[in-house]
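*Asks:* Prediction below, plus the sequence it came from.
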Amino acid sequence: MAVTAVPHAVSFGSVLTFEDLDADAPQPRMRTGEQTLLRVVAGSVGLCVSGVVRLLTPGDEAIIEAGETHTVESVGGPARILTGFRYSAAR
């Protein structure tokens, strides 16, 4: 029996993306039905969720619950983040 590879993407309800942040004004973000995991890869990042601001540096992580409006911005220069989205059980 020959096994052949079939190219396709399978996420099992989660997606990972890299994003470069610069000095642009932060735009409100919200993922309805999905939790967001944010991890700082490089630089410093300001995260504001429900009026609470946190400064995150490389290696720091934050989880934003589904439906929460938040902003993410670079602080003091360019920054890179990794975000993961996972379907929330509370949907």
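*Replies:* Sure thing, it's come through.

*Asks:* quick one: the closest residue to Val15 other than its chain neighbours from Leu37, how far?
*Replies:* Excluding the flanking residues, the one nearest Val15 by C-beta to C-beta, 6 or more residues apart in numbering is Phe85, at 4.9 Å. C-beta coordinates here come from the backbone N, C-alpha and C atoms, glycine included. Going from Phe85 to Leu37 by C-beta to C-beta, to the nearest Å gives 8 Å.

*Asks:* Please name the bridge partners of Leu82.
*Replies:* With DSSP bridges applied, Leu82 shows beta-bridge pairing to Phe18, Arg39.

*Asks:* Just give me the neighbour total for it.
*Replies:* By other C-beta atoms under 10 Å, the residues close to Leu82 number 14.

*Asks:* ok, now Ile81?
*Replies:* 22.

*Asks:* what comes up buried for the helix or strand harbouring Val72?
*Replies:* Here Val72 sits within strand 70-87, counting by DSSP states H and E. Neighbour-count burial for strand 70-87, counted by 16 or more other C-beta atoms under 10 Å, picks out 70, 72-74, 79-81, 83-87.

*Asks:* returning to what we had before: hang on, the residue nearest to Val15 packs against Glu34?
*Replies:* Yes - Phe85 is in contact with Glu34 according to C-beta atoms under 8 Å; the separation is 4.5 Å.

*Asks:* Any idea which helix or strand in the protein has the lowest mean pLDDT?
*Replies:* strand 14-21 (a mean of 86; mean pLDDT, DSSP states H and E).

*Asks:* Could you work out the end-to-end span of stretch 55-66 for me?
*Replies:* Using C-alpha to C-alpha, to the nearest Å, the end-to-end distance of stretch 55-66 comes to 21 Å.
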